[in-house]
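Peer 1: test case, fold it:
(2 chains)
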Amino acid sequence: KNEVEQSPQNLTAQEGEFITINCSYSVGISALHWLQQHPGGGIVSLFMLSSGKKKHGRLIATINIQEKHSSLHITASHPRDSAVYICAVILSGSARQLTFGSGTQLTVLP
Amino acid sequence: DTAVSQTPKYLVTQMGNDKSIKCEQNLGHDTMYWYKQDSKKFLKIMFSYNNKELIINETVPNRFSPKSPDKAHLNLHINSLELGDSAVYFCASSQRGENIQYFGAGTRLSVL
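Peer 2: Model (predicted):
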């Protein structure tokens, strides 16, 4: 079983819909990342969280340390949000190496 | 200026060859990483390296070796390439005290 589980694996939404992607982890962590991988393959770090909530534009990321769970929300989704969203954690004591979830393929239809 | 740059972007080679992928970061970061993304798009750490410590994921074959000529570069050397080495390899960097990592654009390696 992977230490980081994401759901759903695939998500198709209509433009304008509110989207939630979930991430659960089973180990102690020092931080959690949400990454975006575009169809062209490049990876961009969206958020790094160790507690609470962060917001950037239409993106919101939350983390509940006690429940070992994080969510990524996209408000007013747009076709350009179509990408793979990857949850990754830094395990406690792991020298900042990332352990990844399997990713969520998001497709937003116009 | 690209913060983390990898070359080449694409690499096609025969089984048994030795190849290198270069990575350079101009962010002044002290730690660099190599990740492998397999055909199912799953990412996995291969190495992390700063000027004092190399940490190797125990699942990485010893045909893979990172070489760091200086703080801004971490190159990946692969000996005796195998079909299963075909993947996209990503380089990344970060700074001590910060957990955010900056990724290169990836190198797609195809072993024929």
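Peer 1: can you find the helix or strand in chain B with the smallest mean pLDDT?
Peer 2: One helix or strand of chain B scores below all others by mean pLDDT, DSSP states H and E: strand B:54-56, with a mean of 79.
Peer 1: is any residue of it near chain A?
Peer 2: Yes. On the criterion CB under 8 Å from any CB of the partner chain, strand B:54-56 is in touch with chain A at B:Ile55. To be clear about C-beta, it is placed using only N, CA and C from the backbone, and glycine gets the same treatment.
Peer 1: that strand pairs with which strands?
Peer 2: Paired neighbours of strand B:54-56 in the sheet (DSSP bridges): strand B:43-50 (antiparallel).
Peer 1: look at A:Ser77 and report its pLDDT.
Peer 2: On pLDDT, A:Ser77 comes in at 97.
Peer 1: contacting residues around it?
Peer 2: A:13-19, A:58, A:108 (CB atoms under 8 Å, 6 or more residues apart in numbering or on different chains).
Peer 1: still on that earlier bit, next SSE after the least confident helix or strand of chain B?
Peer 2: strand B:64-67 (DSSP states H and E).
Peer 1: buried ones in that next one?
Peer 2: By 16 or more other CB atoms under 10 Å in any protein chain shown, the buried positions in strand B:64-67 come out as B:64-66.
Peer 1: so A:Gly42 touches B:Thr107, yeah?
Peer 2: No. Look at A:Gly42 against B:Thr107 with CB atoms under 8 Å: they stay out of range, at 12.0 Å.
Peer 1: looking at this, B:Gly84 is in a helix?
Peer 2: Yes. Counting by DSSP: H, G, I helix; E, B strand; the rest coil, B:Gly84 is found in a helix.
Peer 1: nearest spatial neighbour of it, skipping sequence neighbours?
Peer 2: Distances taken as CB to CB, 6 or more residues apart in numbering or on different chains place B:Val111 nearest to B:Gly84, at 7.9 Å, with adjacent residues excluded.
Peer 1: partner residues bridging the one you found?
Peer 2: B:Thr13.
Peer 1: contacting residues for it?
Peer 2: B:13-15, B:81-86.
Peer 1: quick one: contacts for A:Ala88?
Peer 2: A:4, A:32-35, A:98-101, B:43.
Peer 1: buried residues in stretch B:76-95, which are they?
Peer 2: So for stretch B:76-95, counting by 16+ other CB under 10 Å, buried means B:76, B:78, B:81, B:85-95.
Peer 1: now, which of these lie within strands?
Peer 2: B:76, B:78, B:87-94 (DSSP state E).
Peer 1: where does the chain have low pLDDT?
Peer 2: I went with chain A, as the question did not name one. A:1, A:94-95 (pLDDT under 70).
Peer 1: if you could check chain B rather than the one you did, that'd help
Peer 2: Looking at chain B by pLDDT under 70, you get B:1-2, B:97, B:99.
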